[in-house]
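Novice: Sequence first, then the predicted structure:
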Number of protein chains: 2
Amino acid sequence: MRLDQATPEQLRQWETELAAQYQAILDQKLNLDLTRGKPSAEQLSLSDALDGILAGDYKAADGTDTRNYGGLDGIKEARELGAQVLGLDAANVMAGGNSSLTMMFQAAMTGYQFGFNGVESAWKNIDGAKFLCPVPGYDRHYTVCEQLGIEMVTVPMTATGPDMDQVEAMIKADQSIIGMWCVPKYSNPTGVVYSEDTVARIAALGKIANPAFRVFWDNAYAVHDLMSNPPQLANIMEACVAAGTEDSVLQFASTSKITHAGAGVAFLGGSANNLNAFRKVLGTTTIGPDKINQLRHMKLLPNMDALSAHMQKHADIINPRFEAVLSKLDAAFADSDLGAWEKPAGGYFISFDTQPNCAQAVVKLAADAGVKLTPAGATFPYGKDPEDRNIRLAPTVPSVADVNAAMDVFEVCVKLASVRTKLAS
Amino acid sequence: MRLDQATPEQLRQWETELAAQYQAILDQKLNLDLTRGKPSAEQLSLSDALDGILAGDYKAADGTDTRNYGGLDGIKEARELGAQVLGLDAANVMAGGNSSLTMMFQAAMTGYQFGFNGVESAWKNIDGAKFLCPVPGYDRHYTVCEQLGIEMVTVPMTATGPDMDQVEAMIKADQSIIGMWCVPKYSNPTGVVYSEDTVARIAALGKIANPAFRVFWDNAYAVHDLMSNPPQLANIMEACVAAGTEDSVLQFASTSKITHAGAGVAFLGGSANNLNAFRKVLGTTTIGPDKINQLRHMKLLPNMDALSAHMQKHADIINPRFEAVLSKLDAAFADSDLGAWEKPAGGYFISFDTQPNCAQAVVKLAADAGVKLTPAGATFPYGKDPEDRNIRLAPTVPSVADVNAAMDVFEVCVKLASVRTKLAS
């Protein structure tokens, strides 16, 4: 189906056929869900040994009684695992509670309210303070900025990461840009892995940006590969050291999509200066993270080999679902001009771009037919996709059969919305 | 030893004798610690069944898979336990992570930055926004205010709680007072339980204060009784309902001094309005608390009877230590004018008031002799005890023998500092 070559008569005929197919779907009263970027029960069960894994021994390797108060940075062995995930020294990593989003918010609050270089550097004191947001991106990053009243400016994603020509030009032109969100590996939702050149150019931004500028490097999918010989992400801190910009990047990761999603361990990595500023605020908000849960995680995943073997089990569960989505997309749209997508090598999402002005209509048609999709626009700041094109597909939770059923509905909805949009134009 | 009746010659003789005793203590090279208001290893072991208690069943009572993301309010059964501890309905309680201090900071940030009644009510927009701080009090409450730049004004504690005549007069005179810290039961450090009249008057403050005013009711020792037939704290929310001031109080508690201090469950209680404002901010900082740990706690402490039996075991461990402190204080100072203290019926502390201008000297003498005491001034905002009198004794961690040894040193240090201060005056 190619809309660009279709006659009005052909379009009307397609509309009639597709509307009939859609009506048949409505009659099935489906209840399917492709919205949730979270692990399935089967994946969660891979880590069920966590509860009870301590066998009564609550002592960390250095003798710390993990049951008691204290230890703002987290236990040493957890920091070491976080350091390997993030490509840092353990001294540059803090292990926290169950949410890297919390650490991101705390870091953003540190920057906004208190300043990473003292209160005079606080973003609240910078007129029109802005974050750069590569789009499409992750909605919970945007809500952090919205909550703090930080303006967001978009920059397009490319196959190698954010469009760095634009990023550099914007930062050179505007010293009120004080931050940038990045999901550098298996980007949410596009699945892109930033290229080595992109990583180096992001590391160099600290040389041209406001000294208060911080990249929020959310490496949420650092070890979440879906194929062997996965793409490698260049080490951002090594690039920063080379550029002399160690203070310009804060790194985040967590075990949420490794062990139990709601009960994992989050990590923050950064320069000594950044961590000290962060600790100063964090120390007024808590006496320390849940060290027992950190110790449990280290018993389950004592080293990177154990972690890699564990992630392979996740890939074995997720892969058939991704393959179901991709083969349905291929079958439906490979020979069409109705949409574009990429095959990600890891992560949790497949990003689908419709023709302009169709995404909202697709999501509504699917919802009315009992198939929940992530709201159109959610992958853009303020929920506004200017071309109304991007739809995030998250296939990890449903069964393969349900993914297939949902994608059959998706196909009809995309085709019907596209034809109707074309007819109306 | 009574300084008020002593001649200069007597004082000089005492000084010589005490200095010799102190020198003998120095020679012992002690290493003792009465600073830490935290459970001992023996107390922590009371809850060691927590790890493994789920026996593979991670489902909450309502079927929620606690392993996955979600559930900002915490699981229902945890909210119900928190509700019983705080004297509220479960609908008015949220169960959080491992730190009630974190929930206090988040609530303070909500009030300061975003406002409980919309951004126009945010404390940052109120010129000279102030918190009332009953003194002596808890230093970590003060650091929350300091971090947010909220001015603190002190009000004295009495045997029935804060001096309410002063509190009411101050609030009537100054609408920039937008908060007040309270530890209503076994107050840190005085051990006072607020009287029913005090509770009613605090509940009524909402009628005369700025509408943005919030009492931070940190019920940290709600179930931490050390004797049978313990004093009862009146229900603050019932008093608020009677006064029509339900929005004026936020309540906090946690299991930190019930189960494992660093890995417990915190609770926030309040009106629907307050919780909705809190959720709005919290929801941008996390997807939800560690529900697995909440479920573990509910298996260990499924109801108030189980909780009471558990707390009795804590009391059995703590009581000998409190009795050691109190009998040493009695033997050393009952017939003197060197200090004043009360016997608390629960909590973690014994508060000792020296003669004016002695506390810092006592803490320094003790430190030099290898006995760590909480820094003098720590129980006052900005670390400044205007009369330099208050010392907080925390005997839960050391053994009874170590408590006795430390108190022998404390006696000599108090006497020596008092005599020297008197001689210098």
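Specialist: It's in.

Novice: rest of the way, CA atoms for contacts and neighbours
Specialist: Fine.

Novice: Looking at the stretch 1-150 of chain A, which residue is nearest chain B?
Specialist: Ranked by Cα to the nearest Cα, the top residue of the stretch 1-150 of chain A for proximity to chain B is residue A:52, at 3.4 Å.

Novice: What residue, apart from its backbone neighbours, is nearest that residue spatially?
Specialist: By the measure of Cα to Cα, 6 or more residues apart in numbering or on different chains, the closest residue to residue A:52 outside its immediate chain neighbours is residue B:52, 3.4 Å from it.

Novice: Now the phi/psi pair for the one you found, please.
Specialist: As for residue B:52, its main-chain torsions (degrees, to the nearest 10) stand at phi 100, psi 0.

Novice: Pull the number of nearby residues for it.
Specialist: Residues lying near residue B:52 (other Cα atoms under 10 Å in any protein chain shown) number 17.

Novice: ditto for residue A:166
Specialist: Around residue A:166 there are 12 residues (other Cα under 10 Å).

Novice: wait, residue A:233 sits on residue A:185?
Specialist: Yes: look at residue A:233 against residue A:185 with Cα atoms under 8 Å: they come within range, at 6.6 Å.

Novice: quick one: which of those two has more around it?
Specialist: Ranked by neighbour count (other Cα under 10 Å), residue A:233 and residue A:185 place residue A:185 first, with 29 against 16.

Novice: what's the nearest residue to that one once chain neighbours are set aside in contact with, if anything?
Specialist: Leaving out its chain neighbours, the residue that sits closest to residue A:185 by Cα to Cα, 6+ apart is residue A:193, at 4.4 Å. Taking Cα atoms under 8 Å, 6 or more residues apart in numbering or on different chains, we find residue A:193 in contact with A:159-161, A:184-187, A:231-233.

Novice: go again using 6 Å as the cut-off
Specialist: Residues counted as contacts of residue A:193 (Cα atoms under 6 Å, 6 or more residues apart in numbering or on different chains) are A:184-186.

Novice: what does residue A:72 give?
Specialist: By Cα under 6 Å, 6+ apart, the contact set of residue A:72 is residue A:288.

Novice: where does residue A:155 land in three-state SS?
Specialist: strand (DSSP: H, G, I helix; E, B strand; the rest coil).

Novice: And for it, the neighbour number?
Specialist: The burial count assigned to residue A:155 is 17, neighbours taken as other Cα under 10 Å.

Novice: Grab the nearest non-local neighbour of it.
Specialist: Excluding its sequence neighbours, the residue lying closest to residue A:155 (Cα to Cα, 6+ apart) is residue A:134, at 4.7 Å.

Novice: How many residues are close by the nearest residue to residue A:384 once chain neighbours are set aside?
Specialist: Nearest in space to residue A:384, with sequence neighbours left out and distances taken as Cα to Cα, 6+ apart, is residue A:377 at 4.9 Å. If you count neighbours by other Cα under 10 Å, residue A:377 ends up with 22.

Novice: check contacts around residue A:377.
Specialist: Residue A:377 touches A:383-385, counting by Cα under 6 Å, 6+ apart.

Novice: one more time with 8 Å, if that's ok
Specialist: With Cα under 8 Å, 6+ apart, residue A:377 has these contacts: A:360, A:383-385, A:388, A:390-391.

Novice: for the residues you listed, which one is nearest residue B:218?
Specialist: Using Cα to Cα, residue A:383 is the member of the contacts of residue A:377 that lies nearest residue B:218, at 38.5 Å.

Novice: Read off the pLDDT value for the closest residue to the closest one other than its chain neighbours.
Specialist: Leaving aside its chain neighbours, residue A:383 sits nearest to residue A:377 (4.5 Å; criterion: Cα to Cα, 6+ apart). We have a pLDDT of 94 for residue A:377.

Novice: still on that earlier bit, contacting residues around the residue nearest to residue A:52?
Specialist: Per Cα under 8 Å, 6+ apart, neighbours of residue B:52: A:51-53, A:55.

Novice: Give me the buried entries from those.
Specialist: Listed as buried from the contacts of residue B:52 are A:51-53; burial here means 16 or more other Cα atoms under 10 Å in any protein chain shown.
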